[in-house]
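**Student:** Take this sequence and fold it.
(2 chains)
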Amino acid sequence: MRAGRGPRSGPRPARPILSVMDPDGELLHRLRSGDERAFVSLVERYHEPMLRLAVSFVPSRAVAEEVVQDTWLAALRGLEAFEGRSSLKTWLFRILVNRARTTGSKEQRSVPVADPQPAVDPTRFGGDGGWSDPPEHWIEAAERRMEAGKLADRVRAWLGELPARQREVVLLRDIEGMSSEEVCAVLALTEGNQRVLLHRGRSRLRQLFEDEFREVR
Amino acid sequence: MKLLHRRDLVCQQAVELVTDYLEGSLSRSARRRFEAHLAGCPHCTEYLAQMRETISLTGRLEPEDLTPQMRDEFTDLYRRWRSEQQ
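**Tutor:** Model prediction:
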C-alpha cells in the first residue's frame, strides 16, 4: 500500500454522477449487479421529473407520490426483463404514465387535442391578419430575472396551470429534453398531436412571459 | 400599397407555424414562405425569438434535489429488491 493511502476515511463522494454520457447498457449492468449507488443516481435524475409528470394525471401530489413510488418498484421488478428496445428513460416514463393513467382514470381526459385555441389572442391582429398589437419586447428582462433566480418559481407555477396534456408534452420535451419520438412513445400520441400540444403549451407560456413583463413596467 | 400575394402568409397565420418551423416539420415550400414572411416582418421575427426564449427559459428549470431522507428510502427500496432477487 502506498504511503498516505490508508483505509478510506469519511464518506464516499455523496453523489455518484449519472452523466448523460453513461450509456444505458453500463447503467443496466450496474443496476442488475447490485450497485445501489447506480439506483440512487437513477432516482435522483428521474424522481422529480416523474413526479411533475404524474401530477398531471392524478388528483393530488400525495397520489402522484404514490404512483411514482410504485413506478420505482415496478421498474426494479421489471429490470431483468427489460430488453433495451427503448431507452431506459423512455421505459421508466412509460411505466409511470401507464400507472398514472390507471390511477387517475376518473379524471376527464378526453379533451380533444386539436382544440381551436389560437397561439395569440385574435384581437391582437387587424382585419388583414397583421399585428395591430404587436408582441412587446421582454427577452432581456426575463433573462435578468432568471439570472437573479426570481423567475423559475413563476415558470413552474405557469406550467402547473397549463392544460394537463399540454403540460405533459412541454415537460418531457422542454424540461426533460426528450425527442418527439420519445414523447410520442411515452404518452401514446401521434407525431401530429404531439406537435399541436407542444405548440399550444409553448404559445401559452410565451404569452405568460409577455404578460409578466408588461405588468412590471 | 403593397399587394398581398395569394400565397403570402399573414402574421396571424405565421404565429401558428412557429412550432412546426422549429420542429423542422414544414414542407420546403411552407418553410420558404414562412422565412419570406419573417424577412419582411419585424414583429413576427420578434415573436419567433420569444418562442425560442420561452423554450430556453423553461428548459432551465432544475429538478429539485432529493432530500437525504429520500435517498435513504430509495437505497432501502433497492436493497429489499436485491434481497428478493437472491
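**Student:** which stretches of chain A aren't confidently modelled?
**Tutor:** Where chain A drops to pLDDT under 70, the residues are A:1-23, A:105-116, A:215-217.
**Student:** Equivalent analysis for chain B, please.
**Tutor:** B:1-7, B:63-66, B:86.
**Student:** What about the closest residue to chain A within chain B, how many residues nearby?
**Tutor:** Chain A sits closest to residue B:10 of chain B, with a gap of 2.9 Å, by C-beta to the nearest C-beta. For every residue, glycine as well, the C-beta is placed using N, CA and C. When neighbours are defined as other C-beta atoms under 10 Å in any protein chain shown, residue B:10 has 17 of them.
**Student:** again, but for residue A:205
**Tutor:** The number of residues packed near residue A:205 is 24, by other C-beta under 10 Å.
**Student:** Hmm, it is touching residue A:160, no?
**Tutor:** No: between residue A:205 and residue A:160 there is no contact under C-beta atoms under 8 Å: 11.6 Å.
**Student:** ok, back up a step: give the full set of residues in contact with the residue of chain B closest to chain A.
**Tutor:** Residue B:10 makes contact with A:125, A:128-130, B:4, according to C-beta atoms under 8 Å, 6 or more residues apart in numbering or on different chains.
**Student:** Look at the nearest residue in space to residue A:133 that is not next to it in sequence and say how many residues are nearby.
**Tutor:** The spatially closest residue to residue A:133, leaving aside those adjacent along the chain, is residue A:124, at 4.1 Å (C-beta to C-beta, 6 or more residues apart in numbering or on different chains). Residue crowding around residue A:124 was assessed by other C-beta under 10 Å; the count is 16.
**Student:** now the contacts of residue B:10 in a markdown table, with neighbour count?
**Tutor:** Below are those laid out as a markdown table (neighbours: other C-beta atoms under 10 Å in any protein chain shown):
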| residue | neighbour count |
| --- | --- |
| A:125 | 20 |
| A:128 | 10 |
| A:129 | 15 |
| A:130 | 16 |
| B:4 | 12 |
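**Student:** can you pull the alpha-carbon coordinates of stretch A:74-89 into CSV?
**Tutor:** Extracted as CSV, the C-alpha positions of stretch A:74-89 are listed here (Å, rounded to 0.1, in the frame of the first residue of the first chain):
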residue,chain,number,x,y,z
ALA,A,74,-42.3,-1.8,-10.9
ALA,A,75,-39.1,-0.7,-12.6
LEU,A,76,-36.9,-2.8,-10.2
ARG,A,77,-39.2,-5.8,-10.7
GLY,A,78,-39.1,-5.4,-14.5
LEU,A,79,-35.4,-4.7,-14.7
GLU,A,80,-34.4,-8.3,-15.5
ALA,A,81,-37.0,-8.4,-18.3
PHE,A,82,-36.1,-5.0,-19.8
GLU,A,83,-34.6,-5.6,-23.2
GLY,A,84,-33.4,-2.2,-24.1
ARG,A,85,-35.6,-1.7,-27.1
SER,A,86,-36.3,1.8,-25.9
SER,A,87,-34.0,3.9,-23.7
LEU,A,88,-34.2,3.3,-20.0
LYS,A,89,-35.7,6.7,-19.6
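**Student:** wait, does it contact chain B?
**Tutor:** Yes: judged by C-beta under 8 Å from any C-beta of the partner chain, stretch A:74-89 and chain B are in contact via A:76-77.
**Student:** Pull the distance from that stretch to the chain's centre.
**Tutor:** Shown here is stretch A:74-89, whose average C-alpha point lies 20 Å from the average C-alpha point of the whole chain (C-alpha atoms, centre = their mean, to the nearest Å).
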